[in-house]
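K.L.:
Model the structure of this input:
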Amino acid sequence: MADTSFRATEIDGPFYDDLKIGDRFEGAPTMRLTDGMAAAHHAIVGGRLRLAFDAELSASVTGQPAPFAAPAFVWDVAIGQSTLVTREAIANLFYRGLVFRRAPAIGDSLRTVTTIVGLRPASAKPGRPPRGLVTMRIATADQQGSPVLDFHRCAMLPARRADSIGVQGEPDPPQRDMETTEIAAAIRGWDLATYRAQVPGPHFHDLRQGMAFQLAGGALVSSAPELARLTMNLATIHHDGSRDGQRLVYGGHTIGLAAAQVTRAFPALVTILGWDGCDHLGPVREGDTVHCAIAVERLEALSGGGGLAHLRCRARATGLDGTPSDVLDWRLIGVFA
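P.N.:
Alright, predicted model coming up:
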């Protein structure tokens with residue numbers, strides 16, 4: 001009788017030294033944004049952007065008959081699709097220059113291409129396995145091929161060998177000040193006057209540079225693996241705690257909770273159009289509570305009324321032992337009517 005046994009092939013990688021500049025990853029499934037997915041996402045991270053809940057207001061302001069898709073939902077899908085590269089990630093370190101090219105709606109389908117643009121080996125430490133930093137350019141488009149989202153992400157990956165390749169490409173792209181026209185292109189044609197007339201303030205004319213808010217209540221981190229599954233995030237560290245005894249929370253989860261806190265501080269915020277940058281300062285674990293401090297750093301008026309507010313959101317997570325730690329430094333750009 002023939003021997004039908006076979007040796008299983010372990011599915012892992014890619015590792016740091018498997019990658020090279022210019023590698024493209026575009027095999028993640030295209031994802032259609034649905035009402036059910038949006039509701040599940042909101043149940044996990046929260047948020048109070050009115051356009052995502054009020055269909056009539058959304059149609060009046062955006063001119064689109066389909067419901068507005070919350071930006072945190074959209075960027076979580078894009079990040080999840082990019083994790084074809086980072087299944088073995090040890091940590092996610094930063095994001096740079098995220099900008100919405102258009103504001104997608106429920107019913108749109110998103111497809112993401114991830115390109116390796118920077119590689120840098122991490123500093124060697126006695127007793128620590130080799131590892132390196134991988135910087136990716138992430139471009140997301142809709143079902144028509146129209147650009148939706150564009151940004152850089154950097155993650156730390158393990159290396160197979162200690163003699164891994166050196167610095168290549170642009171491993172640490174700087175935070176950049178994007179032009180107003182570039183940022184505002186996603187809301188071209190929106191009727192901000194209608195939003196201003198129908199929604200209580202504070203609106204753009206009520207904001208002042210230097211305003212700061214410390215929210216009294218925090219946000220509990222829960223349903224972490226559910227969010228990773230919802231957004232097709234493949235990083236093992238968010239699903240399997242058997243390696244070090246505890247799963248780490250997906251970075252987009254922390255950012256989503258922070259975005260929800262921003263909508264509490266600014267209840268008339270129209271939407272978030274971009275990020276100058278976002279740095280993960282430390283790990284977050286399920287059961288932590290996230291508190292945010294938010295400040296207005298800069299204001300830019302738009303020619304048709306309303307304007308852009310460059311905000312800085314700093315988050316601390318308090319663990320079950322009561323010890324707080326800094327976990328997020330996020331510079332985002334919101335639009336106000």
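K.L.:
mind listing the strands for the stretch 1-150 of the chain?
P.N.:
In order along the chain, the stretch 1-150 of the chain carries the following strands (DSSP state E, counting those that start in this stretch): 24-25, 31-32, 91-100, 109-121, 131-141, 147-158.
K.L.:
Parallel or antiparallel, which strands does the helix or strand of the chain with the lowest mean pLDDT pair with?
P.N.:
Counting by mean pLDDT, DSSP states H and E, the weakest-scoring helix or strand in the chain turns out to be strand 168-169, with a mean of 78. Its sheet considered, strand 168-169 pairs with strand 109-121 (antiparallel) by DSSP bridges.
K.L.:
where in the chain is pLDDT low?
P.N.:
1-11, 164-165, 174-177, 243-245 (pLDDT under 70).
K.L.:
helices or strands next to the lengthiest helix in it in the packing?
P.N.:
Identified as the longest helix of the chain according to DSSP state H is helix 251-265. If contacts are counted by 3 or more Cβ pairs under 8 Å, 6 or more residues apart in numbering; DSSP states H and E, helix 251-265 sits against helix 35-45, helix 71-82, strand 219-220, helix 224-230, strand 271-280, strand 289-301, strand 307-318, strand 324-336. All C-beta atoms are positioned from the backbone trio N, CA, C, and that covers glycine.
K.L.:
buried residues in stretch 39-57?
P.N.:
40-42, 44-52, 54, 57 (16 or more other Cβ atoms under 10 Å).
K.L.:
Would you mind putting these into CSV with distance to L149 alongside?
P.N.:
Conversion of those to CSV gives the following (distance: Cβ to Cβ, whole Å):
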residue, distance to L149
A40, 20
H41, 16
H42, 19
I44, 20
V45, 17
G46, 21
G47, 17
R48, 22
L49, 16
R50, 21
L51, 17
A52, 16
D54, 23
L57, 23
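K.L.:
Do I have it right that H280 meets G252?
P.N.:
No: applying Cβ atoms under 8 Å, one finds H280 not in contact with G252, separated by 10.4 Å.
K.L.:
And the two? Which one has more around it.
P.N.:
G252 (25 against 21; other Cβ atoms under 10 Å).
K.L.:
From T231, how far off is R24?
P.N.:
Separation of R24 from T231 (Cβ to Cβ, to the nearest Å): 21 Å.
K.L.:
brain fart, P121
P.N.:
The value you get for P121 to T231, if Cβ to Cβ is used, is 29 Å.
K.L.:
swap in I333?
P.N.:
22 Å.
K.L.:
Same check on R196?
P.N.:
With Cβ to Cβ as the criterion, R196 and T231 are 33 Å apart.
K.L.:
With P67 instead?
P.N.:
On the measure of Cβ to Cβ, P67 and T231 end up 19 Å apart.
K.L.:
who's more crowded, these two?
P.N.:
T231 (25 against 20).
K.L.:
Contacts only, for the more buried one.
P.N.:
41, 76-77, 79-80, 250, 252 (Cβ atoms under 8 Å, 6 or more residues apart in numbering).
K.L.:
let's see 6 Å
P.N.:
76-77, 80 (Cβ atoms under 6 Å, 6 or more residues apart in numbering).
K.L.:
List just the nearest of the residues you listed to T62.
P.N.:
Nearest to T62 among those, counting by Cβ to Cβ, is V77 at 19.1 Å.
K.L.:
re earlier: biggest separation within the buried residues of stretch 39-57, which pair?
P.N.:
I44 and L57 (23.9 Å).
K.L.:
Would you reformat the contacts of T231 as CSV and include neighbour count and distance to P267?
P.N.:
CSV is the format used below for these (neighbours: other Cβ atoms under 10 Å; distance: Cβ to Cβ, whole Å):
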residue, neighbour count, distance to P267
D76, 27, 22
V77, 28, 25
G80, 25, 28
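K.L.:
Can I get the residues you listed in CSV including distance to C313?
P.N.:
Converted to CSV, the contacts of T231 look like this (distance: Cβ to Cβ, whole Å):
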residue, distance to C313
D76, 17
V77, 21
G80, 22
